[in-house]
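In: here is my input, please return the structure:
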Amino acid sequence: MEILVTYDVATETAEGQKRLRRVAKVCEAFGQRVQKSVFECTLSPADLEQLKRKLARVIDETEDSLRFYRLQEPRQKHVQVLGRQMAYDLHDPLVV
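Out: Below you'll find the predicted structure:
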């Protein structure tokens, strides 16, 4: 399934800045960054639960916010991008 992960981490403190980096690192392991605090991920239901568990261990629930949106598939039909495009499409073949 296609999932959009967005987050807002309070960064007024040094600990908040560390949490922000940790949240981004976890998300990078599961998907592609499309904006500063937005990731597109192609996940199985088990992977989605694993992502949520890992992020829940990183954030401060009293200060930070995570949102998970399931994108309607096929994504290409329902998502429009204006401006700079993604570095690569996760669904295209990867040539190394």
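
In: ok, the residue nearest in space to the middle of the chain - contacts?
Out: Per C-alpha atoms, centre = their mean, the C-alpha nearest to the average position across the chain is that of Phe39, at 2.9 Å. By C-beta atoms under 8 Å, 6 or more residues apart in numbering, the contact set of Phe39 is 4-6, 27-28, 30-33. In short, each C-beta sits where N, CA and C put it, glycine included.

In: how about the secondary structure of it?
Out: What DSSP: H, G, I helix; E, B strand; the rest coil gives for Phe39 is strand.

In: I figured Gly31 hits Val5, correct?
Out: Yes. Judged on C-beta atoms under 8 Å, Gly31 makes contact with Val5 at a distance of 6.8 Å.

In: got any residues that touch both of the two?
Out: Joint contacts of Gly31 and Val5 (C-beta under 8 Å, 6+ apart) are 39-41.

In: so which of those residues is the closest to Gln85?
Out: Glu40 (12.3 Å; C-beta to C-beta).

In: tally of neighbours for the closest one?
Out: Number of residues near Glu40 (other C-beta atoms under 10 Å) recorded here: 22.

In: what do you get for the one 5 residues further on?
Out: When neighbours are defined as other C-beta under 10 Å, Pro45 has 8 of them.

In: now do the same contact list for it.
Out: Pro45 makes contact with Met1, according to C-beta under 8 Å, 6+ apart.

In: equivalent analysis for Leu66, please.
Out: By C-beta under 8 Å, 6+ apart, the contact list for Leu66 reads 5-7, 23, 55, 59.

In: switch those over to a markdown table; also include pLDDT and distance to Gly16.
Out: As requested, these are exported to a markdown table (pLDDT from 0 to 100; distance: C-beta to C-beta, whole Å):
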| residue | pLDDT | distance to Gly16 |
| --- | --- | --- |
| Val5 | 97 | 19 |
| Thr6 | 96 | 17 |
| Tyr7 | 97 | 12 |
| Val23 | 97 | 10 |
| Leu55 | 97 | 15 |
| Ile59 | 97 | 10 |
